[in-house]
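A.B. asks: Predicted coordinates and the sequence they were generated for:
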Amino acid sequence: MTHTPYIGRFAPSPSGPLHFGSLVTAVGSFLQAKSVDGRWLVRIEDIDPPREMPGADTIILKQLRKFGLNWDGDVIYQSCRHASYQRQIDRWLDQGHAYYCQCSRKEIKQRGGIYDGHCRNRHLTWGAIRLHCPSPAAGFLDRLQGWISLDNALAHEDLVIRRSDGLYAYNLAVVVDDIFSEITEIVRGSDLLEPTARQCNIYRMLKAKEPTYLHLPLVCDAKGHKLSKQNHAPALDPYHVLEQLHDALAWLNHPVPTRWEKDPPHQLLSKMAKIWNYRDIQSTSVS
């Protein structure tokens, strides 16, 4: 039996610079990969131009380098992958698995808040495009969080795979690209638990092997709000790199041994990979 090499990834959206919450996710996914001598890829998820900040991708890549988070291979930009998404959508349309939908958010809300397949058999020729999965997943197993169940109504909801404005949906692009890159495990924040359950349905429709999942507890501010670009979380400080890296490792319940405290970032991460154990994260509380 051959061993499948580990391939992980970090996939930020270029809506702004990385903040501390982003750093925790990047460090966690990097160490999970490097602890088993795996590859760690970087993908820029630039499929939503209205939410993106010009030049943010360059800033993000510089931040990763500065913190010793050196990736393997070439950076993938989702904006260069549109043809792949459209080819798959066209296949599903031809096979009758996907269809056009003209329901507005207001109309869906009036009908209970969860899309009920209203346009599935209307044979429309324009609008958003939805994917119907006849045998949806009930949930998935997360290595850190355990079994994650998906609400039955949500599990049966036909996913939007291309929006009415022509932009490709996150759930579709993520799965197509993770398959393309042969990702074996996805390490990311637990705010994506529900989208993950939905993405399982896309893997089913593609008859592709799913990666394993490890969702890290979220980093929140003093008020309990998730650190995010939308919540105006401050960007990482380029003048205090080691301190922030030490804080991220401590938050992941892997405090830096005293003898390594002055090591430069790339050397420190190389050493930390040798003592990394994702199971230790469970005793870390969100703060």
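C.D. replies: Looks like it came in fine. Numbering: from 1, shown residues only.
A.B. asks: what residue ranges in this protein score low on pLDDT?
C.D. replies: 1-2, 153, 220-232, 283-287 (pLDDT under 70).
A.B. asks: how about 50 then?
C.D. replies: Within the chain, the stretches with pLDDT under 50 are 283-287.
A.B. asks: can you give me the strands in the protein?
C.D. replies: Defined through DSSP state E, the strands belonging to the chain, from first to last, are 7-10, 39-44, 76-77, 98-101, 128-131, 139-142, 146-149, 159-162, 185-189, 212-216.
A.B. asks: Which one, of those, ends up nearest to Val24?
C.D. replies: Taking C-beta to C-beta as the criterion, strand 212-216 is the member of the strands of the chain that comes nearest to Val24, at 6.7 Å. In this view, the C-beta of every residue, glycine as well, is placed from N, C-alpha and C.
A.B. asks: Tell me the buried residues in that closest one?
C.D. replies: For strand 212-216, a neighbour-count test (16 or more other C-beta atoms under 10 Å) marks Tyr213, Leu214, His215, Leu216 as buried.
A.B. asks: same check, this time on stretch 100-117
C.D. replies: Residues of stretch 100-117 classed as buried by neighbour count (16+ other C-beta under 10 Å): Tyr100, Cys101, Cys103, Ile108, Tyr115.
A.B. asks: For the fourth one, give its distance to Ile129.
C.D. replies: Think Ile108. Distance check for Ile108 against Ile129: by C-beta to C-beta, to the nearest Å, it reads 15 Å.
A.B. asks: and the gap between Ser22 and Gln32?
C.D. replies: Distance check for Ser22 against Gln32: by C-beta to C-beta, it reads 16 Å.
A.B. asks: give me phi/psi at Thr184?
C.D. replies: Backbone torsions for Thr184, taken as degrees, to the nearest 10, come to phi -100, psi -20.
A.B. asks: so how many other residues sit close to it?
C.D. replies: By the criterion of other C-beta atoms under 10 Å, Thr184 has 20 neighbours.
A.B. asks: Which two among the buried residues of strand 212-216 are spaced furthest apart?
C.D. replies: In these, the most distant members under the criterion C-beta to C-beta are Tyr213 and Leu216, with 10.7 Å between them.
A.B. asks: thinking again about what came up before, could you dump the buried residues of strand 212-216 to CSV with distance to Gln145?
C.D. replies: As requested, the buried residues of strand 212-216 are arranged in CSV below (distance: C-beta to C-beta, whole Å):
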residue, distance to Gln145
Tyr213, 8
Leu214, 8
His215, 6
Leu216, 9
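A.B. asks: Which of the buried residues of stretch 100-117 sits closest to Tyr278?
C.D. replies: Distances from Tyr278 to the buried residues of stretch 100-117, taken as C-beta to C-beta, are shortest for Tyr115 (35.3 Å).
A.B. asks: which residues touch that closest one?
C.D. replies: If you count contacts by C-beta atoms under 8 Å, 6 or more residues apart in numbering, Tyr115 has them with Cys101, Cys103, Ile108, Arg130, Glu157, Asp158.
A.B. asks: rerun that using 7 Å as the cut-off
C.D. replies: Taking C-beta atoms under 7 Å, 6 or more residues apart in numbering as the definition of contact, the neighbours of Tyr115 are Cys103, Ile108, Glu157, Asp158.
A.B. asks: Same check on Tyr77?
C.D. replies: Applying C-beta under 7 Å, 6+ apart, the residues contacting Tyr77 are Ile44, Asp46.
A.B. asks: Disregarding residues adjacent in the polypeptide, which is nearest to His82?
C.D. replies: Tyr168 (6.6 Å; C-beta to C-beta, 6 or more residues apart in numbering).
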